[in-house]
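Novice: only geometry, no sequence info:
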């Protein structure tokens, strides 16, 4: 029993190379790994558009761009897309209190607080397999 405790402490206490923990992965960079079968997996994180705030024309245009990108990637690729949508903290601009700018700013602030605003974080996972010969 003492040997198991000692082994556990040694395992948890020290730092180990990534290849010791997962021998079938090769890390190519901070966001890319090479899998055993030759596939390359990549993860990207970015802030994007709030689709709830887009006009129908903008939504159609962005959807067409996305469909075109998927067609270019081909059948040897797979995508996973996760969106983390959270309420935005507050009104982004400082208050203007003088003259017409103050009136417009106050109307805009009320509209902002009524409808709410959201901040989106997108996580795009992309896997591409080598082409079969």
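Specialist: Right, received. Where do you want to start? Quick caveat, the model's predicted, so the values are computed rather than measured.

Novice: thought residue 85 was touching residue 122?
Specialist: No. Counting by C-beta atoms under 8 Å, residue 122 is not a contact partner of residue 85; they are 9.7 Å apart. No exception for glycine: its C-beta is placed from N, CA and C like everyone else's.

Novice: more crowded one of these two?
Specialist: Between residue 85 and residue 122, residue 122 has the larger neighbour count (other C-beta atoms under 10 Å), namely 15 against 12.

Novice: looking at that one now. What's its pLDDT?
Specialist: Here the pLDDT value assigned to residue 122 is 87.

Novice: quick check: the residue nearest to it when sequence neighbours are not counted vs residue 118, distance?
Specialist: In this structure, residue 122 finds its nearest non-sequential neighbour in residue 48, 4.6 Å apart by C-beta to C-beta, 6 or more residues apart in numbering. Relative to residue 118, residue 48 is positioned 11 Å away (C-beta to C-beta, to the nearest Å).

Novice: and for residue 100?
Specialist: For residue 100, the distance to residue 118 - C-beta to C-beta - is 29 Å.

Novice: got it, and residue 64?
Specialist: 23 Å.

Novice: also residue 11?
Specialist: Where residue 118 is concerned, residue 11 sits at a distance of 42 Å (C-beta to C-beta).

Novice: between these two, who's got more neighbours?
Specialist: A count of neighbours by other C-beta under 10 Å puts residue 118 above the other of residue 11 and residue 118, at 12 against 9.

Novice: give me every residue that touches the more buried one.
Specialist: 50, 52, 85, 86, 87, 88 (C-beta atoms under 8 Å, 6 or more residues apart in numbering).

Novice: again with residue 37
Specialist: Taking C-beta under 8 Å, 6+ apart, one finds 129, 130 in contact with residue 37.

Novice: so where's this structure uncertain?
Specialist: Applying pLDDT under 70 to the chain flags residues 1-2, 16, 18-19, 49-51, 89, 91-96, 116, 133.
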